[in-house]
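Novice: With the sequence up front, the predicted model follows.
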Amino acid sequence: MASVLTAEITRRDLEDLPTQPSYVASITDVRHLSSYNWIEAPTPTIAVPGSPALWSAPGGPRQLKKDFGLVYIAQNAARHPDSPLEPLFRALHIMNPSFDLNSVDVVTDRNNIRKLLSFVNPGLSSNGLEPFTIGIEVIKNTAIFCREETKTHEFIGPYEFKGFGHEFEKAYTKSRVSGDTGHHRIIAYRFGDLNFIVRHVTDGYVAPTMQASSSNEPEHDGLSGMFASLSLSPNAGVSTATPAGSKLRIRKEGQVVPLQSTLEVKTRVVHKRLEIRDVAPQLWVSQTPKLVRAYHRNGTFQEPEVEDVAGAIKRWEQDKRGDLRKLAALINKILSVAKELGGSTVMKYDTMGDKLVVSKVAGKKMLPDDLYSKWDDALVETAAIPGESSTTAVRVADTEPLAGASAAPIAGASTGLGGSPDQSTAESSKKLADVPFFDVITYSIEHGFRHIFRRMPCQLADYRVLCNSLNTLAVDVVRQQNLKDVVRELKTGDDDYDPFERRTIKGSKAGARNAAFMMLYLFLVGESVSPARDGAVAYNAVLYVVSHRRKFKYRTRKMVRDAFEARFVVTYKQRMGLDKWPITDSQQDGGQDTEETTEEEADDYLWDSDWS
């Protein structure tokens with residue numbers, strides 16, 4: 001690749017770069033976006049959302065073999081050299097189909113940020129400042145940084161010694177996804193007046209029932225025991241797809257693990273203690289809150305402890321705010337240079353000149369063609385209703401409309417597809433029709449959300465897209481209710497006996513079924529739902545749904561349970577309770593998901609609080 005234009009940033013330039021007040025030297029607004037595991041397969045294959053390995057330390061000392069065989073340095077590039085960043089974007093848009101990439105300034109691997117921080121202050125890296133190369137491509141207002149290594153993997157021979165780290169992870173963690181070779185997480189946060197998406201490797205996660213040895217943080221109520229058993233399905237019902245024009249195969253498997261449960265593993269010989277400052281830059285960039293420092297003597301490890309180091313990392317951030325402000329200014333400068341050069345560039349650290357050299361190159365694109373269209377996806381803007389605010393909420397009736405009445409499906413529209421009868425109406429209708437599952441949404445708004453179950457494929461990924469479309473259209477699905485309010489609506493389908501009138505008052509099955517979808521919606525996209533706080537309430541509600549076969553038909557019960565297991569970690573006891581009510585094919589379940597039902601169960605299933 002021949003470079004045609006270059007720009008340089010020297011270490012001396014760092015002193016002159018403007019560190020504006022807006023360059024806050026701290027990471028804020030951290031969000032988990034997506035995750036995936038690489039799978040051992042002949043073709044590049046990932047599992048989404050995947051899962052990190054579960055920390056499962058054997059008691060007492062343990063002798064381990066030294067590392068041997070194939071180890072990855074940069075697994076994304078090793079397994080998918082055509083586009084190492086493609087798995088990031090595929091996983092992101094599977095779990096967040098409507099994510100607005102135009103709001104992002106930088107997409108990068110953690111490793112790239114660590115290298116730039118080492119350039120700012122070589123003393124912050126245990127290995128000092130070494131030569132590095134980062135590929136950069138500017139797409140609209142977003143710069144994507146691609147890690148480039150001289151080698152992406154290596155083979156440790158039988159007579160070489162490179163520590164015990166990989167063997168330690170095998171012995172002290174348990175894989176939760178079949179055939180996986182590494183878990184990657186994708187998070188978003190704000191730093192230095194910029195919005196980042198950062199991908200990083202995660203060594204494992206810890207069950208919150210375990211006490212972190214140095215934690216000064218408050219415990220989260222309701223988390224106890226929730227991580228005892230993940231709802232992973234490595235061998236049953238795993239669906240695989242290959243995007244058009246891509247060589248990457250994507251498998252639907254795993255479950256999201258909260259960021260606050262993730263950990264980093266470090267191994268050291270016992271006489272060489274590992275200080276927080278040695279690992280703080282790595283943990284800071286990925287906001288990893290937990291650390292395992294495992295010490296050995298000739299390969300014999302004592303039982304290690306899991307430490308909550310979030311407080312220590314925050315203190316490190318405060319202590320290093322001068323360097324971090326320079327880092328923010330440096331990244332802003334790199335973005336400015338890359339955007340000025342345009343297209344594809346490459347940034348190299350020149351050891352002789354102690355400077356960064358950014359060069360424009362005639363290189364191939366970093367992503368498959370279809371992913372570039374994600375920056376052009378203007379659903380959030382184009383789906384706005386003419387003459388209405390984008391935040392206008394849409395109310396939906398709990399019951400069927402009265403004969404001759406028509407509910408307006410979209411705010412400001414009398415028929416659901418029109419606005420004011422002017423020239424923009426046809427264009428607006430066309431834009432609305434481009435919203436995924438728009439026809440399903442308009443019908444369900446007019447007739448009740450329960451109809452969604454009958455008109456949607458039984459695939460959770462499709463429901464995620466639909467829920468994002470509902471948000472795009474500003475549909476007030478839950479009418480500003482929280483999860484407990486919606487759960488109460490589930491019970492409106494129960495018959496009640498009035499002792500004064502001495503008669504049975506029939507419940508509203510339609511209202512209960514509408515509430516079932518509201519609950520699914522909250523599970524998938526509800527920001528007010530907390531797995532830590534709402535786990536037991538959600539489980540009891542799902543148990544109620546799956547145990548009432550006549551009230552809630554096959555599709556309803558299946559999708560509600562799938563959504564629950566996608567958002568919450570299911571304990572062994574909870575899974576046993578749910579499995580008592582197998583969700584069979586709808587034909588074996590008394591017919592399709594129709595509105596007609598004959599009778600309720602003879603005995604109403606009692607809700608059982610399960611706080612374990």
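Specialist: Everything's here; your move.

Novice: so where's the protein uncertain?
Specialist: 1-4, 19-23, 208-239, 377-433, 493-507, 585-612 (pLDDT under 70).

Novice: same thing but at 50, please
Specialist: Residues of the chain meeting the criterion pLDDT under 50: 1-3, 210-236, 378-423, 497-504, 586-612.

Novice: Can you give me the domain assignment for it?
Specialist: Following automatic domain parsing, one gets these domains for the chain: 3-373, 375-589.

Novice: okay, these in JSON lines with mean neighbour count next?
Specialist: From N, CA and C alone the C-beta is placed, and that goes for glycine too. Shown next, in JSON lines, are the domains of the chain (neighbours: other CB atoms under 10 Å):
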{"stretch": "domain 3-373", "mean neighbour count": "18"}
{"stretch": "domain 375-589", "mean neighbour count": "18"}
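
Novice: measure Lys333 to Cys146 for me?
Specialist: As for Lys333, its distance to Cys146 is 19 Å (criterion: CB to CB, to the nearest Å).

Novice: now swap in Leu5 and tell me
Specialist: Counting by CB to CB, the gap from Leu5 to Cys146 is 19 Å.

Novice: Same question for Trp375.
Specialist: According to CB to CB, Trp375 stands 17 Å off from Cys146.

Novice: Kindly report the same for Ala47.
Specialist: 22 Å.

Novice: can you map out the helices along the stretch 101-250 of the chain?
Specialist: 110-120, 165-172 (DSSP state H, counting those that start in this stretch).

Novice: in which helix or strand would I find Ala328?
Specialist: Ala328 belongs to helix 321-341 when elements are defined using DSSP states H and E.

Novice: Quick check: what element follows that helix along the chain?
Specialist: Remark: after helix 321-341, the chain's next helix or strand is strand 344-350, criterion DSSP H and E.

Novice: Kindly export that next one (C-alpha atoms) in PDB.
Specialist: Extracted as PDB, the C-alpha positions of strand 344-350 are listed here (Å, rounded to 0.1, in the frame of the first residue of the first chain):
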ATOM      1  CA  SER A 344      -8.400   4.900   5.000                       C
ATOM      2  CA  THR A 345      -5.300   5.800   7.000                       C
ATOM      3  CA  VAL A 346      -2.700   3.900   9.000                       C
ATOM      4  CA  MET A 347      -1.100   5.200  12.200                       C
ATOM      5  CA  LYS A 348       2.300   3.900  13.200                       C
ATOM      6  CA  TYR A 349       4.600   4.600  16.200                       C
ATOM      7  CA  ASP A 350       8.000   5.600  14.900                       C
END
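
Novice: which helices and strands sit right next to that strand?
Specialist: Strand 344-350 sits against strand 133-139, helix 321-341, strand 355-361, with contacts defined as 3 or more CB pairs under 8 Å, 6 or more residues apart in numbering; DSSP states H and E.

Novice: wait, which of the ones you listed is closest to Lys174?
Specialist: With respect to Lys174, and counting by CB to CB, the nearest of these is strand 133-139 at 34.6 Å.

Novice: Thought Thr267 was touching Gly163, still the case?
Specialist: Yes - Gly163 lies in contact with Thr267 (CB atoms under 8 Å); the separation is 6.2 Å.

Novice: The closest residue to Lys558 other than its chain neighbours: what's it in contact with?
Specialist: Nearest residue to Lys558 in three dimensions, chain neighbours excluded: Ile583, at 4.9 Å (CB to CB, 6 or more residues apart in numbering). Going by CB atoms under 8 Å, 6 or more residues apart in numbering, Ile583 touches Val546, Tyr554, Arg557, Lys558, Arg561, Asp589.

Novice: So Ala78 belongs to a helix, correct?
Specialist: Yes - assessed by DSSP: H, G, I helix; E, B strand; the rest coil, Ala78 belongs to a helix.

Novice: excluding its backbone neighbours, what's nearest it?
Specialist: Here the residue nearest Ala78, using CB to CB, 6+ apart, is Thr152, at 3.7 Å.

Novice: Next one: the one you found from Glu264, what distance?
Specialist: Going from Thr152 to Glu264 by CB to CB gives 21 Å.

Novice: Also Arg185?
Specialist: Applying CB to CB, the value for Arg185 to Glu264 is 12 Å.

Novice: between those two, what contacts are shared?
Specialist: Thr202.

Novice: And the helices of the stretch 101-250 of the chain: which comes nearest Gly311?
Specialist: Of the helices of the stretch 101-250 of the chain, the one closest to Gly311 (CB to CB) turns out to be helix 110-120, at 20.6 Å.

Novice: which SSE is the residue nearest to Lys558 in?
Specialist: Short version, using DSSP H and E: Ile583 is in no helix or strand.

Novice: How about Ala512?
Specialist: Going by DSSP H and E, Ala512 is in helix 509-525.

Novice: now that helix: how far from the chain's centre is it?
Specialist: Distance of helix 509-525 from the chain centroid (CA atoms, centre = their mean, to the nearest Å) equals 22 Å.

Novice: CA atoms of that helix as CSV?
Specialist: Below are the C-alpha coordinates for helix 509-525, written out as CSV (Å, rounded to 0.1, in the frame of the first residue of the first chain):
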residue,chain,number,x,y,z
LYS,A,509,-58.2,-12.7,29.0
ALA,A,510,-57.5,-10.0,26.3
GLY,A,511,-56.1,-7.7,29.0
ALA,A,512,-53.9,-10.4,30.4
ARG,A,513,-52.5,-11.3,27.0
ASN,A,514,-51.8,-7.6,26.2
ALA,A,515,-49.9,-7.5,29.5
ALA,A,516,-47.9,-10.5,28.5
PHE,A,517,-46.5,-8.6,25.5
MET,A,518,-45.9,-5.5,27.7
MET,A,519,-43.8,-7.7,30.0
LEU,A,520,-41.9,-9.2,27.0
TYR,A,521,-41.2,-5.6,25.8
LEU,A,522,-39.8,-4.6,29.3
PHE,A,523,-37.6,-7.7,29.3
LEU,A,524,-36.1,-6.8,26.0
VAL,A,525,-35.8,-3.1,26.0
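
Novice: can you give me how far stretch 470-488 is from the chain middle?
Specialist: For stretch 470-488, the distance to the chain centre is 21 Å (CA atoms, centre = their mean).

Novice: Export only the CA atoms of stretch 540-557, formatted as PDB.
Specialist: Extracted in PDB, the C-alpha atoms of stretch 540-557 (Å, rounded to 0.1, in the frame of the first residue of the first chain):
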ATOM      1  CA  ASN A 540     -43.000 -15.500  39.100                       C
ATOM      2  CA  ALA A 541     -44.700 -13.700  36.300                       C
ATOM      3  CA  VAL A 542     -43.200 -15.900  33.700                       C
ATOM      4  CA  LEU A 543     -44.100 -19.000  35.700                       C
ATOM      5  CA  TYR A 544     -47.700 -17.700  35.800                       C
ATOM      6  CA  VAL A 545     -47.700 -17.300  32.000                       C
ATOM      7  CA  VAL A 546     -46.200 -20.700  31.100                       C
ATOM      8  CA  SER A 547     -48.400 -22.500  33.600                       C
ATOM      9  CA  HIS A 548     -51.700 -21.200  32.100                       C
ATOM     10  CA  ARG A 549     -51.800 -23.000  28.800                       C
ATOM     11  CA  ARG A 550     -55.400 -22.100  27.900                       C
ATOM     12  CA  LYS A 551     -55.100 -18.400  28.800                       C
ATOM     13  CA  PHE A 552     -51.700 -18.000  27.100                       C
ATOM     14  CA  LYS A 553     -51.100 -19.900  24.000                       C
ATOM     15  CA  TYR A 554     -47.900 -21.500  22.600                       C
ATOM     16  CA  ARG A 555     -46.400 -18.500  21.000                       C
ATOM     17  CA  THR A 556     -47.100 -16.200  23.900                       C
ATOM     18  CA  ARG A 557     -45.600 -18.700  26.500                       C
END
